[in-house]
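1. No sequence on hand, only this structure:
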């Protein structure tokens, strides 16, 4: 217990000292702002997409994707050499060349055509804008991380962005198994580096990325291997600042190990997790001439749940016969939103997988969401006309060398892209694995690039993190200049919205669309609810509320921006005749009235008319942005629990956990700190349970 207290105190001291130190790391963040919804007639006219940039200028890519078509997109392999595989994921129809955007207002244009120049059908689509700061010099984050050539720091480094409740950390921290650094601390103050020693049994060593326990940062999981025995496993460890880390002797089916698995070279990319399961893999890229690539799923107690054979993807007899390697990895891991990203420095392959979807269906085909291989020139191997081994994918002797992988919350993924003859910093793939190209940081040279990772959880430190090895001194000892050591920061952001081809009945461009409340909604007096609308081609709006069928109107928010989500406290009244009215602030005669909704008392009295059944209603609005209301009915006074889970089954937040009287109730969820995607709300009470699917859009 004392070691835990010491660890927490040290973390607290570092965080407390950070704001007071004038030399603390404070990044210049890049932020994009776009309209959540834009109307377009899909007539191949020029659509202008407004983009507001703050912080730094940037290089930006505009993309158009299908929307909500993922369930209808079956496993498909296409492209040159069959490079692109997609399975149950919305796909990219168009992406632009990079646009250079300045701070302030910008316009990106699109002519309504796909990548092949074919007009896109009228409908509703998702648009993305991905951007990074390509103009500013890297900002140093920490000077005390080894980044010497061939010491690939990303292979054993992880990042923690959210706290135990899933909310953004004010100061995220990166960590290895043996050390931690609070981001925001003075980069040149070594006191910000907290170290712990790990003592393993003889013959064992740790490798790859570790994973901190999501509800207890003192505990973490590491991948360990024994080269002599050619086996690997997972161990659970307690971080002890300034001392020896404590191995959990009760962890795993082979205490203190999870189940052992065979590795020819005793290697592994490490451990990642979705909060429900632990994931690891072997990595026999250079040590086995037989097909061998396995992915392992363990529960959080270290018991094997599933072993998945990935050799059909990562092993290649054709590569081996042509002079490459039989196995290509995977060598590096990254997890976000329940998905796991895989790549390797010895293969052209990059993948995004969904372990929970696979476990739910039992169908191995459901594991792979997308896969990018040789054929689109991003991360391709041996594609040059002069290549000695044409189009051999599993070959660690040729670039591009991809020593890391990371993803932002919109699932754009990046990997280092080192080729000693150019200045590329990283390669970029779209959320469906489409290759978008190679990109360079400002003042970049041809030296090694050993790591990139991303913080993107609405923290004060969101952005790209990388090394700066191009500033190393040119000698055989690879000494590092002051500005070449450690971790560095570059601004980054990605946003998305909707391009809507639908029209109202009058064919007008100027229009309103309501998302909440919906017809016959029931809100609880005194609760926090969400009023959400879209206003197309209107500069500002006026919002009014009526509780008597529209006879009287009260202005509760005089002017709002063109497109808005407004959280409001439901008035302490009871009425079955409530409406909202939204009007053009510059033209009050142009307005729209919402559907009828009711406000019920927050104090429900049990009487003969009290409900006798439990009900969990659909949240309102759905889909929603930031705030949604979840109505439920309690049939009999007693304990009720309302819990939200993400698609991986990990608990996101508990909204209610207590005794409720019989009657109508509601719970509000502010999901501003959570990623976009599908969530599940579950109500449990007196033997009753029911689950509803919810979709968060950002």
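-> Right, received. Where do you want to start? Quantities reported herein were computed from a predicted structural model and do not represent experimental measurements.
2. Looking at stretch 256-263 now, give me its mean pLDDT.
-> Stretch 256-263 shows an average pLDDT of 91 in the prediction.
3. Please enumerate residues in contact with it?
-> For stretch 256-263, the external contacting residues (CB atoms under 8 Å, 6 or more residues apart in numbering) are 224-225, 230-236, 247-254, 278, 282-284, 294, 296, 298, 302-304, 307. Heads up, the C-betas are built off the backbone N, CA and C, glycines and all.
4. Could you pull out the helices in this structure for me?
-> Taking DSSP state H as the test, the helices found in the chain are 2-17, 311-314, 317-321, 355-361.
5. Comparing these by mean pLDDT, which bottoms out?
-> helix 2-17 - the lowest mean pLDDT of the helices of the chain, at a mean of 40.
6. quick one: residue 60 and residue 99 touch, right?
-> Yes: Residue 60 lies in contact with residue 99 (CB atoms under 8 Å); the separation is 4.9 Å.
7. any common contacting residues for those two?
-> Common contact partners of residue 60 and residue 99 (CB under 8 Å, 6+ apart): residue 108.
8. With neighbour numbers in mind, choose between the two.
-> Just comparing residue 60 and residue 99: by other CB atoms under 10 Å the higher neighbour count belongs to residue 60, 24 against 17.
9. before we move on, the earlier item: show only the entries of the contacts of stretch 256-263 found in strands.
-> The members of these that map onto strands under DSSP state E are 224-225, 231-236, 247, 278, 294, 296, 298, 304, 307.
10. so residue 226 makes contact with residue 206?
-> No: assessed by CB under 8 Å, residue 226 is found out of contact with residue 206, at 11.2 Å.
11. Any of the contacts of stretch 256-263 buried? List them.
-> 224-225, 231-236, 247-248, 251-252, 278, 282-284, 294, 296, 298, 302, 304 (16 or more other CB atoms under 10 Å).
12. and this structure, what are its domains?
-> What automatic domain parsing lists as the domains of the chain is 31-130, 509-603, 604-698.
13. Among these, which comes closest to residue 343?
-> Of all those, domain 31-130 sits nearest to residue 343, with 14.4 Å by CB to CB.
14. so how far is the closest one off the chain centroid?
-> 19 Å (CA atoms, centre = their mean, to the nearest Å).
15. What mean pLDDT does that domain get?
-> Domain 31-130 shows a mean pLDDT of 92.
16. Between the two ends of it, how far is it?
-> 10 Å (CA to CA, to the nearest Å).
17. low-confidence ranges in the stretch 551-698 of the chain?
-> Low-confidence segments of the stretch 551-698 of the chain (pLDDT under 70): 556-569, 603-612, 622, 647-648, 698.
18. the strands in it, which residues?
-> Applying DSSP state E, counting those that start in this stretch to the stretch 551-698 of the chain gives strands spanning 554-560, 563-569, 575-584, 587-593, 597-600, 615-616, 627-634, 638-646, 651-660, 663-670, 677-685, 688-696.
19. Please apply the same query to the stretch 151-300 of the chain.
-> 158-162, 168-175, 179-182, 193-195, 204-213, 216-226, 231-238, 246-247, 261-262, 272-273, 277-281, 294-299.
20. what does the stretch 301-450 of the chain give?
-> Under DSSP E, counting those that start in this stretch, the stretch 301-450 of the chain gives strands at 304-309, 332-336, 339-343, 350-353, 368-372, 406-407, 413-416, 426-429, 435-439.
21. Could I get the ones you listed in CSV, plus columns for distance to residue 676 and mean pLDDT?
-> Output for those, formatted as CSV (distance: least, CB to CB, whole Å; pLDDT from 0 to 100):
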stretch, distance to residue 676, mean pLDDT
strand 304-309, 27, 94
strand 332-336, 12, 94
strand 339-343, 13, 96
strand 350-353, 15, 97
strand 368-372, 16, 97
strand 406-407, 13, 96
strand 413-416, 16, 95
strand 426-429, 18, 96
strand 435-439, 20, 96
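22. In CSV, list these along with distance to residue 83.
-> Output for the strands of the stretch 301-450 of the chain, formatted as CSV (distance: least, CB to CB, whole Å):
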stretch, distance to residue 83
strand 304-309, 22
strand 332-336, 20
strand 339-343, 14
strand 350-353, 10
strand 368-372, 6
strand 406-407, 20
strand 413-416, 16
strand 426-429, 12
strand 435-439, 8
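23. who wins for proximity to residue 467 among those strands?
-> For residue 467, the closest of these is strand 413-416, at 8.7 Å, according to CB to CB.
24. Relative to the whole chain's centre, how far out is the closest one?
-> 14 Å.
25. Tell me which residues of that strand come out buried.
-> Within strand 413-416, the residues scored as buried using 16+ other CB under 10 Å are 413-416.
26. Between the two ends of stretch 544-551, what distance do you get?
-> Its first and final residues considered, stretch 544-551 spans 12 Å by CA to CA.
27. Buried residues, that stretch. List them.
-> By 16+ other CB under 10 Å, the buried positions in stretch 544-551 come out as 544-547.
28. can you list those residues in JSON lines and add pLDDT and distance to residue 663?
-> Below are the buried residues of stretch 544-551 laid out as JSON lines (pLDDT from 0 to 100; distance: CB to CB, whole Å):
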{"residue": "544", "pLDDT": "86", "distance to residue 663": "30"}
{"residue": "545", "pLDDT": "87", "distance to residue 663": "24"}
{"residue": "546", "pLDDT": "89", "distance to residue 663": "25"}
{"residue": "547", "pLDDT": "88", "distance to residue 663": "21"}
